[in-house]
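**Student:** what would the 3D arrangement of this be:
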Amino acid sequence: MADSCQRQKIQLIIAINYGGRAEIVDAVNSILDMARLDGSIGSLKIDEDLIATSLYTSMCPDPDLLIRTSGEMRISNFLLWQIAYSELYVTETLWPDFSRTDLLKAVLDYQKRDRRFGGLSGGGPDQPMNGDRKPAGPEILEALRPS
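**Tutor:** Sure thing, here's the model as predicted:
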């Protein structure tokens, strides 16, 4: 999984029998186990970076966009840590009926957004303002075309 996450421009993560709370608990328990093994439990300081590197998706970037199908207005325990700054897109389309056209609509909607990453206004050295965002490139549009 790690290798494929680093090479793709668009990633789709589907989690089956997964729970975000369980993932966070597993990450913390993994950190504690490692600290016990190396004898550093007394000086252990848990921070956001340590938890993030212990998650199932530690080799993947956090999602930019979370698409919620079936019109549900909840995230349903999915990637709780990772979606802190993700944009949410809700569609009435049910998952089995979700098509390339639906994906294109979600991507186009996402491109219109001003990503602030918790700030009051967009931008910053690594965070482009909405006007600086490039439209979907030909590789994305080509991937969405029907075969």
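**Student:** burial measure for residue 17, as a count.
**Tutor:** Look at residue 17: counted by other C-beta atoms under 10 Å, it has 5 neighbours. For the C-beta atoms, the positions are set from N, CA and C on the backbone; glycine is no exception.
**Student:** tell me which element it is part of?
**Tutor:** Per DSSP states H and E, residue 17 falls between elements, in no helix or strand.
**Student:** for it, give its distance to residue 57.
**Tutor:** According to C-beta to C-beta, to the nearest Å, residue 17 stands 15 Å off from residue 57.
**Student:** likewise residue 107?
**Tutor:** If you go by C-beta to C-beta, the gap between residue 107 and residue 57 works out to 21 Å.
**Student:** residue 112 now?
**Tutor:** For residue 112 relative to residue 57 (C-beta to C-beta), the value is 26 Å.
**Student:** the more surrounded of those two?
**Tutor:** residue 57 (19 against 8).
**Student:** excluding residues flanking it in the chain, which one is nearest the more buried one?
**Tutor:** Counting by C-beta to C-beta, 6 or more residues apart in numbering, residue 57 lies nearest to residue 82, which is 5.9 Å off, once chain neighbours are set aside.
**Student:** again with residue 66
**Tutor:** Nearest residue to residue 66 in three dimensions, chain neighbours excluded: residue 86, at 4.7 Å (C-beta to C-beta, 6+ apart).
**Student:** that neighbour against residue 68, yeah?
**Tutor:** No: in this structure residue 86 lies outside contact range of residue 68 using C-beta atoms under 8 Å: 10.7 Å.
**Student:** A helix includes residue 26, no?
**Tutor:** Yes: counting by DSSP: H, G, I helix; E, B strand; the rest coil, residue 26 is located in a helix.
**Student:** quick one: it from residue 108, how far?
**Tutor:** From residue 26 to residue 108 the distance is 36 Å (C-beta to C-beta).
**Student:** what do you get for residue 116?
**Tutor:** Counting by C-beta to C-beta, the gap from residue 116 to residue 108 is 20 Å.
**Student:** who's more crowded, the two?
**Tutor:** residue 116 (15 against 11).
**Student:** got phi/psi on that one?
**Tutor:** Residue 116 adopts backbone torsions of phi -110, psi -10, taken as degrees, to the nearest 10.
**Student:** since that was my last question, I'll sign off now.
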